[in-house]
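Student: I need the structure of the sequence given here:
(2 chains)
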Number of protein chains: 2
Amino acid sequence: MRDAYHEELERLNDQLVEMTRLVGSAISRASTALLDADLSLAESVIVADNVVDRLRDDLDRQAMDLLARQQPVASDLRVIVTALKMSADLERMGDLARHVAKVARLRYPDSAVPADVRATILQMGQVAERIVAKCGQVIAAKDVEDAKTLERDDDAMDELHRTLFGHLIDGSWKHGTEAAVDMTLVGRYYERFADHAVSVAHRVVYLVTGEWDVAEDHEEQEDRASELR
Amino acid sequence: MRDAYHEELERLNDQLVEMTRLVGSAISRASTALLDADLSLAESVIVADNVVDRLRDDLDRQAMDLLARQQPVASDLRVIVTALKMSADLERMGDLARHVAKVARLRYPDSAVPADVRATILQMGQVAERIVAKCGQVIAAKDVEDAKTLERDDDAMDELHRTLFGHLIDGSWKHGTEAAVDMTLVGRYYERFADHAVSVAHRVVYLVTGEWDVAEDHEEQEDRASELR
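Tutor: Okay, here's the model as predicted:
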């Protein structure tokens, strides 16, 4: 049987899952807005990010309140502090979805995405959606094994990112500098979106195992790996 | 007279100030490496980022330890949770300095910075250095008024960012897409570096005043402001 305190802890978790749902919807709609030059869809993503921010604020206040009232130790303390870190990652993912939507809005009625990178951007959007959906499942089920499969999705994102950048700089780019700037930024937004999702999953692993090392910023680990190559 | 507990709290603050010092040195050297195509300086920035990461890890462990052992409430609780958030911002600033250094390394022996944006990038580096130095002072002195002056430095950074992007897309760009991609990313790194510094300063304001609202992500506030224009 659960007491009120543990119900409150569980509620933090539910809110994190709800954040992944909102952020997943945001990146999905932002990708469609970008690819279809859909202004009203772009606007709806930009406006809705407020809801993610408010959810983060609520969650942070509840976490602070639990720390003050319950003075948790050991694993409960870890759950609360990790929730504070995960809410920051998820809030940032919402910002990145909004950034994608803002590129769509900026170039409307044109599409910001030239035809020859359309397939790559479409796939980046799909991987982003998949990764945040899994992220929600990992938080909900606290599944360490599932968390590890996110790495593979993130590898797919990195590969798409390399493909996009390769095309931008291989000398065949015919769409001018403005489109190159747009695609550089959009590529970066999707890549960072995936990195934050992986960080969230790593934090779930930390929660379950108590090991700090895996909770490091993900981009960091990738950078280190590429420096060794 | 200070007891051991309050000395530990003060030590968290000292470590945050030390992080601003390391990150300030990193962005300064990264900027020089980028402008002068100095490979060994770029490498030194890339390698030294480990130190910032370790400092963040140490600080986070001590913060968790204090939460568990001392069960702080009210303002002490705020100090510790805010330190956890500030350490994340400062660690990210270190990453961004490393990213700038990596662009320098990638283009060596060429300079990644075309002559006609050299002055803009130089100024972005100088504003970044100034803003992180002030950030250290704000943390050390907990000076709310000083925190507000960082906004003006950040406005200067945003203006430089707009100048850089304007030049990239006004049709006069003669340096090809690769250089445009590099400058798009470098501009974004400097801008985010400044945003994180402003977030840190806002958190100091939160610590002193207890008001959550000002502690919001800074880029967020800028975005909202630009959406109202």
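Student: drop to CA atoms for contacts and neighbour counts, all remaining ones
Tutor: Fine.
Student: Are the host helix or strand of residue A:10 and chain B in contact anywhere?
Tutor: Using DSSP states H and E, residue A:10 falls within helix A:4-36. No: no part of helix A:4-36 sits near chain B under the criterion Cα under 8 Å from any Cα of the partner chain; the closest distance found is 15.5 Å.
Student: now for that helix, which elements pack on it?
Tutor: helix A:39-70, helix A:74-107, helix A:118-141 (3 or more Cα pairs under 8 Å, 6 or more residues apart in numbering or on different chains; DSSP states H and E).
Student: In the longest one, which residues are buried?
Tutor: Buried residues in helix A:74-107, counting neighbours by 16 or more other Cα atoms under 10 Å in any protein chain shown, are found at A:76-107.
Student: which parts of chain A sit against chain B?
Tutor: A:64, A:67-68, A:71-74, A:77, A:85, A:95, A:168-169, A:171, A:173, A:176-178, A:180-181, A:184-185, A:220.
Student: Just the buried subset of these, please.
Tutor: Buried among the residues of chain A next to chain B (16+ other Cα under 10 Å): A:64, A:67-68, A:71-73, A:77, A:85, A:95, A:168-169, A:173, A:177-178, A:180-181, A:184-185, A:220.
Student: which stretches of chain A have low pLDDT?
Tutor: For chain A, the stretches flagged by pLDDT under 70 are A:1-2, A:212-229.
Student: Mind doing that once more with 90?
Tutor: A:1-3, A:73-75, A:142-149, A:205-229 (pLDDT under 90).
Student: can I get the helices and strands packed on helix A:4-36 in CSV with distance to residue B:199?
Tutor: As requested, the helices and strands packed on helix A:4-36 are exported to CSV (distance: least, Cα to Cα, whole Å):
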stretch, distance to residue B:199
helix A:39-70, 15
helix A:74-107, 13
helix A:118-141, 26
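Student: for those helices, which one sits closest to residue B:195?
Tutor: Closest approach to residue B:195 among these is made by helix A:74-107 (13.0 Å; Cα to Cα).
Student: Figure out how far that closest one is from the centre of its chain.
Tutor: Relative to the chain's own centre, helix A:74-107 is displaced by 6 Å; criterion: Cα atoms, centre = their mean, to the nearest Å.
Student: Direction-wise, compare it with helix A:4-36 and give the angle.
Tutor: Relative orientation of helix A:74-107 and helix A:4-36, computed by axes from the mean of the first three to the mean of the last three Cα atoms, to 10 degrees: 20 degrees.
Student: Which strands or helices does helix A:74-107 pack on?
Tutor: helix A:4-36, helix A:39-70, helix A:176-209, helix B:39-70.
Student: Now tabulate these in a markdown table and tack on distance to residue B:122.
Tutor: Output for the helices and strands packed on helix A:74-107, formatted as a markdown table (distance: least, Cα to Cα, whole Å):
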| stretch | distance to residue B:122 |
| --- | --- |
| helix A:4-36 | 33 |
| helix A:39-70 | 33 |
| helix A:176-209 | 20 |
| helix B:39-70 | 16 |
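Student: Burial-wise, tell me which of the ones you listed comes out on top.
Tutor: The highest average neighbour count among these, using mean count of other Cα atoms under 10 Å in any protein chain shown, belongs to helix A:176-209 at a mean of 23.
Student: Who are the packing partners of that one?
Tutor: helix A:74-107, helix A:118-141, helix A:144-169, helix A:218-228, helix B:144-169, helix B:176-209.
Student: Now the second one: buried residues?
Tutor: Neighbour-count burial for helix A:118-141, counted by 16+ other Cα under 10 Å, picks out A:120-122, A:124-125, A:127-140.
Student: how about it as CSV, C-alpha atoms only?
Tutor: In CSV, the C-alpha atoms belonging to helix A:118-141 read as follows (Å, rounded to 0.1, in the frame of the first residue of the first chain):
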residue,chain,number,x,y,z
ARG,A,118,13.6,16.5,-47.6
ALA,A,119,14.0,12.8,-47.0
THR,A,120,16.8,13.3,-44.5
ILE,A,121,14.8,15.9,-42.5
LEU,A,122,11.7,13.7,-42.6
GLN,A,123,13.7,10.9,-41.1
MET,A,124,15.2,13.1,-38.5
GLY,A,125,11.7,14.1,-37.4
GLN,A,126,10.6,10.4,-37.3
VAL,A,127,13.7,9.4,-35.2
ALA,A,128,13.0,12.3,-32.9
GLU,A,129,9.4,11.2,-32.4
ARG,A,130,10.4,7.6,-31.8
ILE,A,131,13.1,8.5,-29.3
VAL,A,132,10.9,10.7,-27.2
ALA,A,133,8.1,8.1,-27.2
LYS,A,134,10.6,5.5,-25.9
CYS,A,135,11.9,8.0,-23.4
GLY,A,136,8.3,8.2,-22.0
GLN,A,137,8.1,4.4,-21.8
VAL,A,138,11.5,4.2,-20.0
ILE,A,139,10.4,6.8,-17.4
ALA,A,140,7.1,5.1,-16.9
ALA,A,141,8.4,1.5,-16.6
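Student: ok and that helix relative to helix A:176-209, angle-wise?
Tutor: 20 degrees.
Student: what's helix A:118-141 in contact with?
Tutor: With Cα atoms under 8 Å, 6 or more residues apart in numbering or on different chains as the test, helix A:118-141 has contacts from A:13-14, A:16-18, A:20-21, A:23-25, A:27-28, A:31, A:35, A:113, A:143-144, A:146-147, A:150, A:153-154, A:156-157, A:160-161, A:163-164, A:187, A:190, A:193-194, A:197-198, A:200-201, A:204.
Student: Let's see that with 7 Å instead.
Tutor: Residues from elsewhere that reach helix A:118-141 (Cα atoms under 7 Å, 6 or more residues apart in numbering or on different chains): A:17, A:20, A:24, A:27-28, A:31, A:146-147, A:150, A:153, A:157, A:160, A:164, A:190, A:193-194, A:197, A:201, A:204.
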